[in-house]
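K.L.:
Compute the structure for the input listed below.
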Amino acid sequence: MKEATTQLEINREGTFAILESFPYTLQEALSDIIDNSLDAGAKTVLVELNHEGDEQYVVIKDDGKGISESEFEQVMEIGRRRQYSPQDLGAFGVGLKSAGLTHARNITIFSKQIGDKMNVRRISVPWMKETGRWKEMLHSDTNSPVVEKISEKT
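P.N.:
This next block holds a predicted model:
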């Protein structure tokens, strides 16, 4: 019998639906994201709960090493594996994405390394649904009052 193969495709819209359905409590989601800060060498992590108009949002700010422009694609890739130490909570490359999307429709990351400019990336499920552009990360120069307010502080 001749061997048959079929190429396996990954449906990105379905993948985001899976991430949104993870059973994270808000406390677990925040803990998972704070763990990323600690993995990046943060000594201080500040968590703010805020609102702008009728939008509620959480800001998690730390003094860790930051994410460079060239690292963003790797950091935001779903399932991207890296070297994990035994004390790390994460191990599968989905923590930030699933923790954030369980409780929010948009995840915006502002990150700055010493001596570098601010880098901003946004996962926006409403934008991806509206445009059908599931492969892309949206830069956060959007018309979001929350993003504008945070940009003023950074």
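
K.L.:
can we go C-alpha only for contacts and neighbour counts from here?
P.N.:
Noted.

K.L.:
Beyond the longest helix belonging to the chain, next helix or strand please.
P.N.:
With secondary structure taken from DSSP state H, the chain has its longest helix at helix 26-39. Sequence-wise, the next helix or strand downstream of helix 26-39 (DSSP states H and E) is strand 45-52.

K.L.:
The residue nearest to residue 48 when sequence neighbours are not counted and residue 110, how far apart?
P.N.:
Closest residue to residue 48 apart from its sequence neighbours, by CA to CA, 6 or more residues apart in numbering: residue 59 at 5.1 Å. Taking CA to CA, to the nearest Å as the measure, residue 59 falls 10 Å from residue 110.

K.L.:
Which one's more surrounded, the two?
P.N.:
Legend: neighbour count by other CA atoms under 10 Å for residue 59 and residue 110, higher for residue 110 (19 against 14).

K.L.:
Sticking with the more buried one, tell me its helix or strand.
P.N.:
Counting by DSSP H and E, residue 110 is part of strand 106-111.

K.L.:
same thing with residue 149?
P.N.:
Using DSSP H and E, residue 149 falls in helix 145-153.

K.L.:
And the lowest-mean-pLDDT helix or strand in the chain, what's buried?
P.N.:
Lowest by mean pLDDT, DSSP states H and E among the helices and strands of the chain is helix 145-153, with a mean of 73. Residues of helix 145-153 classed as buried by neighbour count (16 or more other CA atoms under 10 Å): 146-147.

K.L.:
Now do that helix: which elements does it pack against?
P.N.:
strand 45-52 (3 or more CA pairs under 8 Å, 6 or more residues apart in numbering; DSSP states H and E).

K.L.:
chain center to the strand it packs on: distance?
P.N.:
Relative to its chain's centre, strand 45-52 lies at 16 Å (CA atoms, centre = their mean, to the nearest Å).

K.L.:
So for it, mean pLDDT?
P.N.:
Averaged across strand 45-52, pLDDT comes to 91.
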